[in-house]
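> I'll drop the sequence and a predicted model, then ask my questions.
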Amino acid sequence: MVTEPGAAAPVSAFPFASNVRRVGNEEPFAWLAAGWRDLRRGGRVSLAYGLIFVGTGFALTAGLGFTGHAYLIGPLVGGFLLVGPALTVGLYQISRDLAAGRRPSLISALTAWRQNPVPLLGLGLLLVAFLIVWLRIAVVQFAVFFPYDRMNLKAMVNTVFFTIDGWAYLAVGTAIGAVFSTVAFAVGAFSLPMLLDRRAHLLEAIGSSVAAVVLNIRAMVLWAALIVIFTLAGIVTLFAGLAVILPLIGHATWHAYRATILPREVPADDDAAASFVEEP
């Protein structure tokens, strides 16, 4: 059965499909445009939030290089895509404040997780576990392909990009990373903004996110590709570009969530819930 964009997905099609709205394949570009508007309106607050993670990424990369663990820089970049959604919760709060006519603040963004702490922290820990497993696999993979080598950053680049063993290493790592990234994207695409926006439980948020990705697969493939392209563009500038890219993607993700996950109906006399759940 074909469902028109904007309509709720068939209830029986997938668990939690009743929470999902079908979206058009072109909508990711509209989400980016809305994210750009929020970035401009958020101004210094959004950019300051992004700069915090730029500094963290630069410090981690430099630390790995100086301590002889340059081979983990590539997996770290891939891992950033795994845990990236968990880092943008504060940006969702900024967009949420702007939509409600409130003035955003950096303190409010950095403490946004307190609005639904247990599920948000639980999902954050799940994404961190993904990252830890991915890094452990990367260590094992490096040991398999280069069992007798200890390379500095320059030697690592030359070996990985200009030798047959290096190409095989990249191919295997890319394939493994693609599997991890796909699962992490499906789990985190909409679950984090959903947990911030309403008192949903963790299973409902993850199930709704996976359902939204599966039922809007073409739009989600485009959305994931745009996220990867923009994020890599920020990373190749030695993380400096992420000061703008990370807030842009974070704000756009909020609009993607509002377009894809149906709002929860709140009884008129439920003031507490009504104050937590905003209508689009």
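Looks like it came in fine. Residues are numbered from 1 along each chain as shown.

> pretty sure residue 123 is touching residue 205, no?
Yes. The criterion here is C-beta atoms under 8 Å, and residue 123 meets it with residue 205 at 7.1 Å. All C-beta atoms are positioned from the backbone trio N, CA, C, and that covers glycine.

> what do those two both touch?
The contact sets of residue 123 and residue 205 overlap at 191-192, 195 (C-beta atoms under 8 Å, 6 or more residues apart in numbering).

> all helices of the stretch 101-250 of the chain, in order?
All helices of the stretch 101-250 of the chain, identified by DSSP state H, counting those that start in this stretch, fall at 106-110, 117-145, 153-162, 164-188, 191-197, 202-215, 217-235, 242-260.

> got CSV for those helices, with mean pLDDT too?
Putting these into CSV (pLDDT from 0 to 100) gives the following:
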stretch, mean pLDDT
helix 106-110, 92
helix 117-145, 85
helix 153-162, 74
helix 164-188, 86
helix 191-197, 94
helix 202-215, 94
helix 217-235, 90
helix 242-260, 94
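
> let's have these in JSON lines, adding distance to residue 85.
Below are these laid out as JSON lines (distance: least, C-beta to C-beta, whole Å):
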{"stretch": "helix 106-110", "distance to residue 85": "15"}
{"stretch": "helix 117-145", "distance to residue 85": "7"}
{"stretch": "helix 153-162", "distance to residue 85": "28"}
{"stretch": "helix 164-188", "distance to residue 85": "4"}
{"stretch": "helix 191-197", "distance to residue 85": "5"}
{"stretch": "helix 202-215", "distance to residue 85": "10"}
{"stretch": "helix 217-235", "distance to residue 85": "9"}
{"stretch": "helix 242-260", "distance to residue 85": "7"}
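
> which of those helices is buried the deepest?
helix 191-197 (a mean of 27; mean count of other C-beta atoms under 10 Å).

> got a list of contacts for that one?
With C-beta under 8 Å, 6+ apart, helix 191-197 has contacts from 85-86, 88-89, 92-93, 96, 112-113, 115-116, 119-120, 123, 200, 202, 204-206, 208-209, 253-254, 257-258, 261, 276-278.

> any idea how far that helix is from the middle of the chain?
Taking C-alpha atoms, centre = their mean, to the nearest Å, one finds the center of helix 191-197 at 12 Å from the center of the full chain.

> just the C-alpha atoms of it, please, in PDB.
The C-alpha trace of helix 191-197 is given here as PDB (Å, rounded to 0.1, in the frame of the first residue of the first chain):
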ATOM      1  CA  SER A 191      15.100   9.200  19.100                       C
ATOM      2  CA  LEU A 192      17.100  11.900  20.700                       C
ATOM      3  CA  PRO A 193      15.000  14.900  19.700                       C
ATOM      4  CA  MET A 194      11.900  12.800  20.600                       C
ATOM      5  CA  LEU A 195      13.200  12.200  24.100                       C
ATOM      6  CA  LEU A 196      13.900  15.900  24.500                       C
ATOM      7  CA  ASP A 197      10.500  16.900  23.200                       C
END
